[in-house]
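Colleague: I'll drop the sequence and a predicted model, then ask my questions.
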Amino acid sequence: MNFDRVRQLLHPTYLLMRQFGLILALMTLTRLIFWWYNRAAFQHVSLETLLTGVSLDVVTISLLCSPIILFHFIPTPLRLWKRKQQIVRILHITITLILVALNLIDCEYYRFTSKRSTADLFTIISAGNDIPQLITSFLHDFWFLILLFIGFIWLAIRLTHSKVEKQQQLTWIHHVFHVAVIIPCFIILVRGGLQLKPIGTVELAQYTPADQLALALNTPFTLLKSIGKQPLQPVQLLTERECNRFFNPIQQSHPQHILPNKTNVVVILLESFGNEHVGFFNNSKSYTPFFDSILAQSLTFEYGMSNGKKSIEAIPAVIASIPSLMDNPYISSPYSTNKIKSLAHILGNHGYSTAFFHGATNGSMRFDAFAAQAGFKHYFGRYEYNNDQHFDKTWGILDEYFNPWTARKISTLKAPFFATLFTLSSHHPYYIPPHMRKKIRYGKDPICGSINYGDFALKAFFEEAKKQPWYNNTVFVLAADHTSSTSNPIYNERRFMYGIPIAFYDPNQRLKPERTKRIFQHIDIMPTLLDLLNIDETFYAFGHSYFSKAEPYALNYLEGTYYFFNKSHLILFSNKKARNLHDFTVKQMENPDSSQFYKNELRVADFRIKAVIQRYTMDILHNKTVAK
């Protein structure tokens, strides 16, 4: 055997694989950094998960570097050989840094979303004008990640092969070998195997535990797989008759006559007020003493659930009873202009004035645009407040000023009215004005202080509201938009990461205060209010009224898996099948899969989940999210 001939034959492949090995090593290093940054979310990580991650990195690198592979093996004249190697090196460095940068971004962003970023990252960034305002705080808070990225730039340049190799005399055998062997191997790597369909997030969920999926994934992979892809694909999991039997979003309200007709309603969405930091739900130190006092006088849900992990997902869920059961939030998806008949539409048709209050810069997260589409006649933001002395230099007007201003502004609305207030100060970067810093109660996580500040601002709202003539004829709905980032392993568990306070407060206590263990989610607020306000209406909603006979449930979607809360159980649904069952009422880390003991419940849940998914997908795709 002529070893020199073999070495000559394999030399271009060796050069290419050496560069790939460098990229793979850096990708693995960023995964370890991601793990360290979010170690509270990954308490029990298996070797299988890490190896799956490495194999997925290979798929991602092969996918991104495919053009380089083809370019690398194109026959090149001697006079252009040096230039070609320089181009290949520049491309390798560029791709390496893109891969590293995306993974480093998610080291921090995962804390807020609990998932690897997809194409919705770009739509959220482009939704409004928040990014220019946030750059300064990003540089201040995430300097360590920026330094790491600079270090990776140095490594990529230093380690990427810079010596120009002398061109070898390649024969037709070399070219046949590359075309017939090397390129097909890379095609298999790009597809992730020999299966019929290229590997995706959904397929990966079959082999990796849901709570470890983000560690096995990498951000470039999830972005590539979601760019240009329709957020929803048609599904036919059940017959139409079966689907309607287990779920039908077209509903009829049932007036309860607990409250007088024409009662005003104020919905207050509290930024990041998850159960973890609300004393009413914990025996630990409370950061929300005023909110606790309101909860004690309200119809409060022990198992309140958000319908997402982002503020942008909460608005359509609360206002229109439409969750975001897809990778893109509903507001930033291609379906955001679908016809809907929200709570603002319905109440507006029944003589209510409607207004949406959010102290952020107008255009932030498209709230003003969606509020208009959802039927709100008035929108009040930072520009309407018109006093930037109270601007936090990041998001908008500080809650301690905007909240009481909102209470006074509501008095200019013609009664009856429906007003929604979305707070903002308990959002990263958790800014607290200097005059309040010595009065605030701080905790282990940076958000604790701003939650306490948000509670102070909520008190300011109610103190001002009590002075207004409309106060005693108003029902208040208070709910968090989502849970916050946390270092507590328990609250990083899928069983608890959606737990939020939801309460209905009547100052006159005509609505009996009660702490109920019923499951209640964002999308249940609209149907419940229609019953409470004695509105007789046929409407479209994915949630159910507290007063209905429908069995309570909550449903969320994250990285290809649906999380279905029913009775005391959390059931995981992926790849068209209900798979695991856990008790979400027990706050302890060890909570094994008990599906083998609840086979009938799992079977019924499987039908219910399929019915909701099918109706959600088909109705949104065909723009049928209104009751005719």
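Modeller: Looks like it came in fine.

Colleague: mind listing the strands for the stretch 1-150 of the chain?
Modeller: Using DSSP state E, counting those that start in this stretch, the stretch 1-150 of the chain contains no strands.

Colleague: Likewise for the stretch 251-400 of the chain?
Modeller: Going by DSSP E, counting those that start in this stretch, the stretch 251-400 of the chain shows strands at 264-270, 299-305, 353-358, 378-380.

Colleague: Reformat those strands as JSON lines; add distance to Leu529, mean pLDDT and mean neighbour count.
Modeller: All C-beta atoms are positioned from the backbone trio N, CA, C, and that covers glycine. Formatted as JSON lines, these follow (distance: least, CB to CB, whole Å; pLDDT from 0 to 100; neighbours: other CB atoms under 10 Å):
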{"stretch": "strand 264-270", "distance to Leu529": "6", "mean pLDDT": "98", "mean neighbour count": "23"}
{"stretch": "strand 299-305", "distance to Leu529": "12", "mean pLDDT": "97", "mean neighbour count": "23"}
{"stretch": "strand 353-358", "distance to Leu529": "13", "mean pLDDT": "98", "mean neighbour count": "24"}
{"stretch": "strand 378-380", "distance to Leu529": "19", "mean pLDDT": "97", "mean neighbour count": "20"}
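
Colleague: now those strands as JSON lines including distance to Ser487?
Modeller: What follows is the strands of the stretch 251-400 of the chain, written out as JSON lines (distance: least, CB to CB, whole Å):
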{"stretch": "strand 264-270", "distance to Ser487": "21"}
{"stretch": "strand 299-305", "distance to Ser487": "22"}
{"stretch": "strand 353-358", "distance to Ser487": "29"}
{"stretch": "strand 378-380", "distance to Ser487": "35"}
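
Colleague: among those strands, which is nearest Gln614?
Modeller: Closest approach to Gln614 among the strands of the stretch 251-400 of the chain (CB to CB): strand 299-305, 21.4 Å.

Colleague: other SSEs contacting that closest one?
Modeller: strand 502-505, strand 514-521, strand 553-558 (3 or more CB pairs under 8 Å, 6 or more residues apart in numbering; DSSP states H and E).

Colleague: mind running it again at 6 Å?
Modeller: Contacts defined by 3 or more CB pairs under 6 Å, 6 or more residues apart in numbering; DSSP states H and E place strand 299-305 against strand 502-505, strand 514-521.

Colleague: closest to Glu242 out of those strands?
Modeller: strand 514-521 (23.3 Å).

Colleague: in its sheet, what does the closest one sit against?
Modeller: Sheet pairing here is set by DSSP bridges, and for strand 514-521 it gives strand 299-305 (parallel).

Colleague: the inter-axis angle of the strand it pairs with versus strand 553-558?
Modeller: 40 degrees (axes from the mean of the first three to the mean of the last three CA atoms, to 10 degrees).

Colleague: Centre of the chain to strand 299-305, how far?
Modeller: Centroid separation for strand 299-305 versus its chain: 21 Å, with CA atoms, centre = their mean, to the nearest Å.

Colleague: Residues contacting it, please?
Modeller: 498, 500-504, 511, 514-517, 519-521, 554 (CB atoms under 6 Å, 6 or more residues apart in numbering).

Colleague: Compare the strands of the stretch 251-400 of the chain and report which one is nearest to Asn244.
Modeller: Asn244 lies closest to strand 299-305 among the strands of the stretch 251-400 of the chain, at 24.5 Å (CB to CB).

Colleague: Restrict that closest one to CA atoms and write it as PDB.
Modeller: Taking Å, rounded to 0.1, in the frame of the first residue of the first chain, the C-alpha atoms of strand 299-305 are listed here in PDB:
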ATOM      1  CA  LEU A 299     -61.000  34.800  45.400                       C
ATOM      2  CA  THR A 300     -57.400  33.500  45.100                       C
ATOM      3  CA  PHE A 301     -56.100  30.400  43.300                       C
ATOM      4  CA  GLU A 302     -53.600  28.200  45.000                       C
ATOM      5  CA  TYR A 303     -52.700  26.800  41.600                       C
ATOM      6  CA  GLY A 304     -52.800  29.900  39.400                       C
ATOM      7  CA  MET A 305     -50.900  29.300  36.100                       C
END
